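Peer 1: Just the structure for this:
(4 chains)
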Number of protein chains: 2
Amino acid sequence: MEEILPTFDSAFSIDCLIFGFDAGELKILLIERNEEPFKDWLALPGYFVKQDESLDDAADRILYELTGLRDLPMKQFHTFGEVNRHPQGRVITVGYYALIRINGQKELRPISPYARKAIWRSVNDLPKLAFDHSEIFRKGFGIIRKRLNYQPLAFDLLPEKFTLTQLQGLYEAILNKKLDKRNFRKKMLSYGFLKELVEKQKGVSYRAAKLYKFDRRKYLKIFQSEMTA
Amino acid sequence: MEEILPTFDSAFSIDCLIFGFDAGELKILLIERNEEPFKDWLALPGYFVKQDESLDDAADRILYELTGLRDLPMKQFHTFGEVNRHPQGRVITVGYYALIRINGQKELRPISPYARKAIWRSVNDLPKLAFDHSEIFRKGFGIIRKRLNYQPLAFDLLPEKFTLTQLQGLYEAILNKKLDKRNFRKKMLSYGFLKELVEKQKGVSYRAAKLYKFDRRKYLKIFQSEMTA
DNA sequence: ATATAAGGTGTGAAAATTACACCATTAAAT
DNA sequence: ATTTAATGGTGTAATTTTCACACCTTATAT
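Peer 2: Numbering: from 1, shown residues only, chains lettered A, B, ... in the order given. Reported below is the predicted structural model:
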């Protein structure tokens, strides 16, 4: 993707860490590179920032061009600026992340020829990635793991309606440890931002679980009053 | 300081948020600019990253050139990339912060002609700063305030030997609220990383308080065992 | 001696966290 | 019809943490 470096001596880029949750596993979105360097390697979706776009705008555009995904609520987490992190010149890259629902997401379809395709890979089964992307992943995943404890990140990964068991499975996948069922449910419900639905799970060969929705308005109310207190 | 922009179309810079604590007040280190744009304005110490230096190295060099301070343990907190944040071209800047002891610090003496002088200003009495530096300050200060709750930032701001009242005053200055004396002392001591000295405060016209030291080795032991648990 | 200014200390109530085990419900298989 | 397999759903007691709150002590200056 970097076969032609910009004419200036150094450049900015964006690399995106897009997390999804499917079949009880935490996954990350990678692209298969179609250009040197690192042709055929897996890499984080990333590319150069243009002269006249902000970092946030660039992140949106780049992710779209490489994966077909659009308008995700991405946030910056760290900037990587080692001198030799890119083999073809000085490139400083800003890491962004987002957590999204895999299912119901429209098909992944790179627009740019720099990516042959975009695929989901389990975070527990990652190969060595192009450039310093393995390090970028480690850093970002560590940050997100910490944020999970005080930000409602998990709900972005689940379908709109979910069971408490699904929610717990997701926490366990991110934190990489088992949680106590009763304590988990008690605590989650005590926050008051989960809305119990009448509807139940369907198509399971065992007792169907209640479905819940995340009520972002209530969450914000609770969160904001804590801030001002 | 930017009178001659680099020849490429865009550039990286570093801006530093250096906090100190003196006379019960939290302060920040500013420079008085000696060049257009924003000549004579106060600004955060900041300048361009060179082609062949990492961001971390650049931060050290730039802070030294503008203030005479060297080898502070600075950390990155956010990258600012709005298109028009700099009036003379596209400049993306990485924000770094450090917390240091003001007293015993050698004299502030800019090496570079871009800074006329470097001064400490109370965070409660900041004028409008050059560029988007007021915004960078707000963002960085907010992040540090949050980190104070789970990282031992405060000890970097105090002299090596300090009293519990000084420590509490510092927490109050950063968090901008009063804390309960008994609860604060109980909690701090319960962590077990404060080493009580035989030595007492001197030169005060009232009962001298015990002095304490922060024991970083013990802190790390406690912190690491929590991580692995 | 006395006035001043900060140093230093403990307890009880409330809230949050942790550990822990069994019956209920559903669909599929027999 | 019965059994089986798989998950759903629930409560309590012990412990720990947090919070609110007031008075005597000590060193110095006068």
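Peer 1: Averaged pLDDT, the top strand by length along chain A. What do you get?
Peer 2: Looking across chain A with DSSP state E, the single longest strand is strand A:10-22. For strand A:10-22, the mean per-residue pLDDT is 94.
Peer 1: Sheet partners, orientation included, of it?
Peer 2: Strand pairing for strand A:10-22, determined by DSSP bridges: strand A:25-33 (antiparallel), strand A:46-48 (antiparallel), strand A:90-99 (parallel).
Peer 1: looking at those strands, which is closest to A:T165?
Peer 2: A:T165 sits nearest to strand A:25-33 of all those, at 15.1 Å, using C-beta to C-beta. Every residue, glycine included, has its C-beta placed from N, CA and C.
Peer 1: who does the following helix or strand past that closest one pair up with?
Peer 2: Going down the chain from strand A:25-33, the next helix or strand is strand A:42-43, by DSSP states H and E. Next to strand A:42-43 in the sheet, as set by DSSP bridges, lie strand A:25-33 (antiparallel).
Peer 1: How far off centre is the strand it pairs with?
Peer 2: 10 Å (C-alpha atoms, centre = their mean, to the nearest Å).
Peer 1: can you check stretch A:185-195 too?
Peer 2: 24 Å.
Peer 1: can you tell me if it touches DNA strand D.
Peer 2: Yes - counting by C-beta under 7 Å from any atom of the strand, DNA strand D is contacted by stretch A:185-195 at A:185-186.
Peer 1: Next to DNA strand C in this structure, residues from chain A, please.
Peer 2: Checking chain A against DNA strand C by C-beta under 7 Å from any atom of the strand, the hits are A:180-183, A:186-187, A:204-208.
Peer 1: Check those residues against DNA strand C and report the nearest one.
Peer 2: A:R207 (2.9 Å; C-beta to the nearest atom of the strand).
Peer 1: Run a quick neighbour tally on the closest one.
Peer 2: 7 (other C-beta atoms under 10 Å in any protein chain shown).
Peer 1: State the next helix or strand along the chain beyond the longest helix belonging to chain A.
Peer 2: Criterion DSSP state H: the longest helix present in chain A is helix A:133-147. Using DSSP H and E, the helix or strand that follows helix A:133-147 in sequence is helix A:164-175.
Peer 1: Is that next one in proximity to chain B?
Peer 2: No - residues of helix A:164-175 are not located near chain B by C-beta under 8 Å from any C-beta of the partner chain, the shortest gap being 12.5 Å.
Peer 1: buried sites along that helix?
Peer 2: A:164, A:166-171, A:173-174 (16 or more other C-beta atoms under 10 Å in any protein chain shown).
Peer 1: Buried deepest among the strands paired with strand A:10-22, which one?
Peer 2: When you average the neighbours per residue for each of these (mean count of other C-beta atoms under 10 Å in any protein chain shown), strand A:90-99 leads with a mean of 24.
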